[in-house]
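S.K.: attaching a predicted model along with its sequence, questions to come.
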Amino acid sequence: QVKLVESGGGLVQAGGSLRLSCVGSGDSLSAYVMGWFRQAPSKEREYVAVASWSGDNTRYADSVNGRFTISRDNAKNTIYLQMNSLKPEDTAAYYCAAGRIYFQSREYSAPDFDSWGQGTQVIVSS
């Protein structure tokens with residue numbers, strides 16, 4: 001299993017931006033569909049964004065579409081989540097995930113993915 005480590009979380013004011021990173025080790029991330037999920041206190045983990053093996057195809061949850069951008073640099077074994085126009089409701093722990101699946105234009109859920117990072121906290125103040 002690939003090991004994933006996220007970074008880049010922090011405290012930001014509403015309207016601000018953050019960029020999260022997720023570095024993989026133990027395997028090449030180019031073999032995986034990669035995703036970002038988030039989990040707020042007392043809520044279920046929810047899908048945020050997913051990128052295909054090459055990164056040419058992406059899909060976003062409606063709640064972040066147009067504000068967040070997922071990208072990947074397979075040469076660096078790293079994926080990113082650029083988050084702009086942040087809102088207080090974006091406050092959550094953010095997790096990257098790797099799945100040995102085929103990219104499809106559909107909603108994703110946690111069981112689609114095999115490997116998870118430990119998470120990085122994002123807090124958006126109003």
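M.R.: Okay, I see it.
S.K.: what residue lies at the spatial centre of the protein?
M.R.: When CA atoms, centre = their mean is applied to the chain, the residue found nearest the centroid is W36 (2.0 Å).
S.K.: quick check, it in a helix?
M.R.: No - counting by DSSP: H, G, I helix; E, B strand; the rest coil, W36 is not part of a helix but strand.
S.K.: which strand residues bridge it?
M.R.: Counting by DSSP bridges, W36 forms beta bridges with A49, C96.
S.K.: these two touch, right, it and G9?
M.R.: No - taking CB atoms under 8 Å as the definition, W36 is not a contact partner of G9, at 11.7 Å. In short, each C-beta sits where N, CA and C put it, glycine included.
S.K.: now do the shared contacts for these two.
M.R.: Here W36 and G9 have 20, 94 as joint contacts, going by CB atoms under 8 Å, 6 or more residues apart in numbering.
S.K.: ok so, going back, how close does the residue nearest to the centre of the chain sit to S126?
M.R.: W36 is 23 Å from S126, where distance means CB to CB, to the nearest Å.
S.K.: right, and D90 touches M83 too?
M.R.: Yes - counting by CB under 8 Å, M83 is a contact partner of D90 at 6.9 Å.
S.K.: so between these two, which is more surrounded?
M.R.: A direct count of neighbours by other CB atoms under 10 Å for D90 and M83 places M83 higher, at 26 against 22.
S.K.: from Q1, how far off is that one?
M.R.: Computed as CB to CB, the M83 to Q1 distance reads 27 Å.
S.K.: same question, N65
M.R.: 30 Å.
S.K.: kindly report the same for G24.
M.R.: Distance, G24 to Q1, using CB to CB: 10 Å.
S.K.: now do L11
M.R.: Look at L11 and Q1: by CB to CB, they are 32 Å apart.
S.K.: one more: G55?
M.R.: Here G55 is placed at a distance of 21 Å from Q1 (CB to CB).
S.K.: in terms of neighbours, single out the busier of these two.
M.R.: In this view G55 and Q1 are compared by other CB under 10 Å, and G55 has more residues nearby, 16 against 10.
S.K.: just the pLDDT for the more buried one.
M.R.: You'll see G55 listed with a pLDDT of 90.
S.K.: one more: the one 10 residues further on?
M.R.: Confidence per residue is given as pLDDT, and for N65 that number is 97.
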